[in-house]
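Visitor: Got a predicted model here, sequence first, then my questions.
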Amino acid sequence: MFTRRQALKTAALAGMASLLPSFLSKQGVLAQSPSPGPTIQGAYTLPPLGFPTNALEPLIDARTMEIHHDKHHAAYVNKLNELLADAPVSLSRRSIEDLISKLDAVPEKIRQDVRNQAGGHANHSFFWKLIKPNGSKAPKGDLEKEIVSTFGSMDEFRKKFNAAALKVFGSGWAWLVRTPEGKLEIQTTINQDNPLMFGNQPLLGVDVWEHAYYLRYQNRRADYLTAFHDLINWDFVQEQFTK
Ligand code: MN
């Protein structure tokens, strides 16, 4: 079995520097905040936020964004790379969505850990694109029609979505997904599970781990959810819908 760790050694011996730029840029990102642990060189990299950490103020504070992206998300990426270092190299060549969609391909010994860390990486990469300063107000066209015909109205959708998100006990996510039959559904997942693990396409998702909101909102998850709706980038949701 040829593993990623062996592949990296071979690459280093051959003097291949192609892996270095992503490693260095990741170091640059991490240098601005407390370290989430040693950076592990690997296939998966921490994507940048598309906006400054204070850009969502006052709805989501800069400190929460710094810790959330630079520490929590970075740790998921590091731990995933470490887990896959001794796994078949073919696994590390998959997109993160492909990896979490086919967890059966992961050796059983590390499968649950990969599920958690890869799920964390996929979920957060998705979430940073899903929110943006000032949001984009409301869905348009086909997507709006589908949401209204499924849930009754946009207000009803928000109510049902928030009710589901409030019911997540402990750490998890609430999602708007499209099922394989093409129906829209509100679902929740625990820990860092993602709808792709259950064959559903995520369109929209909210992180209800306390680390996402506790500094500003403490126990007031409902207020955080209200703020979240003002930050949704519906253009991104639309892109997922037309995929
Ligand atoms: Mn999170």
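Guide: Thanks, I have the structure now.
Visitor: low-scoring stretches of this structure, by residue?
Guide: Low-confidence segments of the chain, defined by pLDDT under 70: 1-2, 4, 7-40.
Visitor: what about the strands in it?
Guide: 172-178, 184-190, 201-207 (DSSP state E).
Visitor: Number of residues surrounding Ala62?
Guide: Using other Cβ atoms under 10 Å, Ala62 has 15 other residues around it. No exception for glycine: its C-beta is placed from N, CA and C like everyone else's.
Visitor: hang on, it packs against Thr53?
Guide: Yes - between Ala62 and Thr53 there is a contact under Cβ atoms under 8 Å: 4.5 Å.
Visitor: roughly how far apart are Trp128 and Pro139?
Guide: Using Cβ to Cβ, to the nearest Å, Trp128 is found at 19 Å from Pro139.
Visitor: higher neighbour count, these two?
Guide: More neighbours surround Pro139 than the other of Trp128 and Pro139, with 22 against 19 (other Cβ under 10 Å).
Visitor: contacting residues around that one?
Guide: By Cβ atoms under 8 Å, 6 or more residues apart in numbering, Pro139 lies in contact with 147, 154, 234, 237-238.
Visitor: Could you find the residue in the protein that comes nearest to the ion?
Guide: Residue nearest to the ion within the chain: Asp207 (4.2 Å; Cβ to the ion).
Visitor: Please look at that residue and Phe126 and confirm they touch.
Guide: No - contact criterion Cβ under 8 Å: Asp207 and Phe126 do not qualify, at 9.7 Å.
Visitor: Give me every residue in this structure lying close to the ion.
Guide: By Cβ under 5 Å from the ion, the residues of the chain that approach the ion are 207, 209, 212.
Visitor: and the top helix by length along the chain, which residues are buried?
Guide: If you go by DSSP state H, the chain has its longest helix at helix 108-130. For helix 108-130, the neighbour count (16 or more other Cβ atoms under 10 Å) marks 114-130 as buried.
Visitor: Check stretch 68-88 too.
Guide: 68-85, 87.
Visitor: Show me those that map onto helices.
Guide: In helices, defined here by DSSP H, the members of those are 74-84.
Visitor: Spatially, which two of those residues are the most separated?
Guide: Spatially, the most separated pair among those is Ala74 and Leu84, at 16.0 Å (Cβ to Cβ).
Visitor: Touching, Ala105 and Ala87? I think so.
Guide: No - assessed by Cβ under 8 Å, Ala105 is found out of contact with Ala87, at 9.6 Å.
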